[in-house]
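Asker: What follows is a protein structure lacking sequence information:
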């Protein structure tokens with residue numbers, strides 16, 4: 001059973017973990033950590049599409065013809081997309097020999113199969129009517145052309161937009177499966193489209209095919225709500241969240257989304273995002289804005305600490321490769337972040353601005369190794385500028401971390417879901433970050449939490465550099481229930497350049513088990529994790545430390 005992921009997972013699983021890693025030293029969480037944890041989200045697999053379908057034709061493999069003929073030479077005609085030099089090895093061993101006619105027919109079938117392996121799904125090689133008394137044999141190739149094409153559009157996109165995606169498919173063109181698949185997949189990736197598929201059937205004349213394209217609609221909107229205990233001890237453990245997304249409101253393949261999350265008075269979050277396609281090549285651009293407001297409680301209540309964090313971003317993505325099994329996207333983004341932290345008990349206000357530019361690659365690869373698996377890759381090179389605008393905070397930074405000014409970092413993630421049996425899989429993931437200097441809290445890397453090292457609180461052990469990984473065995477226990485056992489591990493370098501005579505590295509690990517149950521549109525997730533190394537958490541008081549750590553989430557889609 002494949003567990004579903006709610007569209008709000010980047011929020012409901014890891015948003016706003018305000019647990020301060022230096023609580024034992026009296027340092028309260030700040031709003032920069034809110035923005036940092038917003039970025040923690042699991043890689044998402046691209047939707048698959050039905051392969052290009054075609055009506056199978058008889059290849060003329062009737063009873064083997066045992067008549068023997070002398071083959072003096074073989075000539076291949078009709079081939080334009082593949083060279084004769086490339087095809088001749090497929091008929092090697094026949095020239096200068098007396099062979100059964102069936103062997104020559106088999107050579108023609110090999111050429112047909114080779115064409116299809118090269119992405120020409122209706123190409124066919126055959127023996128035309130000819131005089132073979134002199135031993136000169138001709139194998140003719142029909143590479144397959146589109147005689148006509150027809151589109152049935154039932155999606156939320158206008159007919160004009162759907163036709164834009166298929167504009168490169170022209171009558172008279174050679175049928176190339178990879179090109180048609182890319183167009184169908186790009187169309188299916190577009191909001192407002194539920195599925196797209198194409199069928200090739202024999203055309204009006206020999207060697208041609210008619211292309212029939214059907215485009216189904218997606219739901220006009222999607223919505224979900226969730227409850228979890230993934231929040232911070234200081235802003236509220238129990239949280240409620242929800243999202244609402246409109247698919248193609250302007251009939252052009254655009255998308256408008258809203259998300260909210262709250263733990264009551266301790267934490268309030270809201271986000272709005274819009275994206276749209278540019279042309280029909282798969283290029284998409286978008287913009288987003290979110291705002292977070294928090295107030296610290298419990299052990300930090302006496303500080304009267306509260307704050308805000310907001311982010312405005314623009315981004316673009318382009319599919320360099322889009323196919324059934326292999327995908328590679330390039331991403332480019334710019335983000336402006338602002339944080340303001342108030343400590344009313346000391347009349348302190350700290351203001352910061354962070355600007356970042358990011359260039360990234362995201363990819364996926366499906367293979368048959370070891371029974372089949374699905375791989376994900378995420379890489380991002382980030383260049384940023386931190387502006388500490390409060391003089392007191394700037395002076396403290398100058399005497400300690402020296403994070404003010406420009407910086408760079410590299411984020412990466414690799415994962416694989418390996419099939420063992422129809423009921424069992426193994427999931428591996430390794431995520432990390434490298435930096436060129438000490439970073440602001442909003443840019444640090446942390447180990448603990450429900451999507452990281454589950455034996456520790458969210459935000460535990462943050463640093464400028466680090467890695468974390470998981471090995472998880474999943475098994476279907478019933479039709480709607482999947483169980484898992486896992487081992488999480490990781491390490492962080494707290495400061496790229498140490499400035500205090502304290503330990504600068506933390507290593508954590510934990511193990512446990514979990515379960516996911518899904519019924520129709522309802523999903524419940526739970527996990528229990530025990531610490532195996534790294535000691536007790538320091539981001540919460542000793543009196544609050546529990547073992548095992550229990551994480552719960554329940555959600556419903558509408």
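Answerer: Ah, there it is. Being a predicted model, the structure only gives us computed values, none of them experimental.

Asker: Run a quick neighbour tally on residue 279.
Answerer: 10 (other C-beta atoms under 10 Å). The C-beta positions use only the backbone N, C-alpha and C, and glycine is treated the same way.

Asker: Doesn't it belong to a helix?
Answerer: No. Read with DSSP: H, G, I helix; E, B strand; the rest coil, residue 279 is coil and lies in no helix.

Asker: Check the average confidence over the top strand by length along the chain, would you?
Answerer: Ranked by number of residues, the top strand in the chain under DSSP state E is strand 348-367. The pLDDT scores in strand 348-367 average 96.

Asker: Who are the contact partners of residue 297?
Answerer: Counting by C-beta atoms under 8 Å, 6 or more residues apart in numbering, residue 297 makes contact with 234-236, 266.

Asker: Looking at the residues you listed, which two lie furthest apart in space?
Answerer: Spanning the widest gap among the contacts of residue 297 are 234 and 236, at 8.2 Å by C-beta to C-beta.

Asker: Mutual contacts of those two, please.
Answerer: 266, 297.

Asker: need the helices for the stretch 1-150 of the chain, in chain order.
Answerer: 9-12, 32-38, 84-87, 101-117 (DSSP state H, counting those that start in this stretch).

Asker: Tell me which of those helices sits nearest to residue 131.
Answerer: Nearest to residue 131, of all these, is helix 101-117, at 14.1 Å by C-beta to C-beta.

Asker: and the closest one, how far from the chain's centre?
Answerer: Between the centre of helix 101-117 and the centre of its chain there are 40 Å (C-alpha atoms, centre = their mean, to the nearest Å).

Asker: what sits up against it?
Answerer: 59-61, 64-69, 71, 74, 76, 82, 87, 90-91, 94, 123-127, 137, 139, 141, 143, 177.

Asker: So which bits of it are buried?
Answerer: Neighbour counts over helix 101-117 (16 or more other C-beta atoms under 10 Å) mark 101-105, 107-109, 111-112, 114-115 as buried.

Asker: Go through the residues you listed and say which is closest to residue 545.
Answerer: Taking C-beta to C-beta as the measure, residue 545 lies nearest residue 114 of those, at 64.7 Å.

Asker: Distance-wise, check that closest one relative to residue 89.
Answerer: 10 Å (C-beta to C-beta, to the nearest Å).

Asker: cool, residue 144 as well?
Answerer: The value you get for residue 144 to residue 89, if C-beta to C-beta is used, is 22 Å.

Asker: Which of the helices of the stretch 1-150 of the chain sits closest to residue 470?
Answerer: Evaluated with C-beta to C-beta, the helices of the stretch 1-150 of the chain place helix 9-12 nearest to residue 470, the distance being 15.7 Å.

Asker: picking up where we left off before, of the contacts of residue 297 - the most surrounded one?
Answerer: In terms of neighbours by other C-beta under 10 Å, the contacts of residue 297 top out with residue 235 at 28 neighbours.

Asker: Would you confirm that it contacts residue 292?
Answerer: No. Look at residue 235 against residue 292 with C-beta atoms under 8 Å: they stay out of range, at 9.8 Å.

Asker: Show me the shaky parts of the stretch 451-558 of the chain.
Answerer: Scanning the stretch 451-558 of the chain for pLDDT under 70 picks out no residues.

Asker: okay, residue 144 and residue 89: which has more neighbours?
Answerer: residue 144 (25 against 10).

Asker: confidence score at the more buried one?
Answerer: So, for residue 144, pLDDT stands at 89.

Asker: List the contacts of it.
Answerer: Going by C-beta under 8 Å, 6+ apart, residue 144 touches 120-124, 174-175, 207-209.

Asker: Where is pLDDT lowest across those residues?
Answerer: residue 207 (80).

Asker: ok, for it, nearest residue in space, not its chain neighbours?
Answerer: residue 142 (3.7 Å; C-beta to C-beta, 6 or more residues apart in numbering).

Asker: partner residues bridging the one you found?
Answerer: residue 124 (DSSP bridges).

Asker: roughly how far apart are it and residue 131?
Answerer: Using C-beta to C-beta, we find residue 142 at a distance of 21 Å from residue 131.

Asker: what about those two, which has more around it?
Answerer: More crowded of residue 142 and residue 131, by other C-beta under 10 Å: residue 142, with 17 against 7.

Asker: Do I have it right that residue 452 meets residue 466?
Answerer: No. Contact criterion C-beta under 8 Å: residue 452 and residue 466 do not qualify, at 10.5 Å.

Asker: When these two are compared, which one has more neighbours?
Answerer: Remark: of residue 452 and residue 466, residue 452 carries more neighbours, 28 against 24, as counted by other C-beta under 10 Å.

Asker: next one: phi and psi at that one?
Answerer: Main-chain dihedrals, residue 452, degrees, to the nearest 10: phi -130, psi -120.

Asker: can you check residue 157 too?
Answerer: The phi/psi pair for residue 157 (degrees, to the nearest 10) is phi -90, psi 150.

Asker: for stretch 464-481, which positions count as buried?
Answerer: 464-470, 472-476.

Asker: My error: substitute stretch 67-77 in the last question.
Answerer: 69, 71, 74, 76.

Asker: same check, this time on stretch 500-513
Answerer: Across stretch 500-513, burial judged by 16+ other C-beta under 10 Å covers 504, 506, 508-513.

Asker: Residue 396: how many residues sit nearby?
Answerer: 13.

Asker: Wasn't it part of a helix?
Answerer: Yes. Under three-state DSSP, residue 396 falls within a helix.

Asker: Who are the packing partners of the strand or helix carrying residue 196?
Answerer: Secondary structure from DSSP states H and E places residue 196 in strand 193-202. With contacts taken as 3 or more C-beta pairs under 8 Å, 6 or more residues apart in numbering; DSSP states H and E, strand 193-202 sits against strand 53-54, helix 177-188, strand 208-217.
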